[in-house]
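Peer 1: Give me a 3D structure for the following:
(one chain, ligands or ions: 1)
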Amino acid sequence: MPISIISDNNLGRHRPAVYCDYCGNEIHKSVSGNCEWKVEFEGGQIIDSQPIFTHKYCCSSFEAKNSGKYYWKFMELTQFLDDLNM
Ligand SMILES: [Zn+2]
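Peer 2: Have a look, this model is predicted:
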């Protein structure tokens, strides 16, 4: 589950958490994560609208492991969150 609500004992409250679809670990800072989505080679149409979240350092490995007759576009997780406010 890439996005969850978790109990954070350090904060003493519940908070959202985003997990990397490659390594499975939490992306603790939005500046260290990407949102990716699959598009067609020709035309760049979206193939799958389900967003994928990765650490920036896991991005290339995720794409190499999940390559095919498409490519991955990405935006920084900070941009993903900003765009929710459009
Ligand atoms: Zn990762």
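
Peer 1: hmm, who's touching stretch 3-10?
Peer 2: Residues from elsewhere that reach stretch 3-10 (CB atoms under 8 Å, 6 or more residues apart in numbering): R13, H14, R15, P16, A17, V18, Y19, F53. For glycine as for every other residue, the C-beta is placed from the backbone atoms N, C-alpha and C.

Peer 1: Can you select the buried ones from those residues in ChimeraX?
Peer 2: Selecting only the buried entries of these in ChimeraX, with 16 or more other CB atoms under 10 Å as the criterion:
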select :18,19,53
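
Peer 1: just checking, which of the contacts of stretch 3-10 belong to strands?
Peer 2: Among these, the members found in strands (DSSP state E) are R13, H14, R15, P16, A17, V18, F53.

Peer 1: Which of those sits closest to the ion?
Peer 2: F53 (8.8 Å; CB to the ion).

Peer 1: Quick check: the closest one touching I27?
Peer 2: Yes - contact criterion CB atoms under 8 Å: F53 and I27 qualify, at 6.3 Å.

Peer 1: List the residues that are in contact with both of those two.
Peer 2: Common contacts of F53 and I27 (CB under 8 Å, 6+ apart): V18, Y19, C20, G33, L77.
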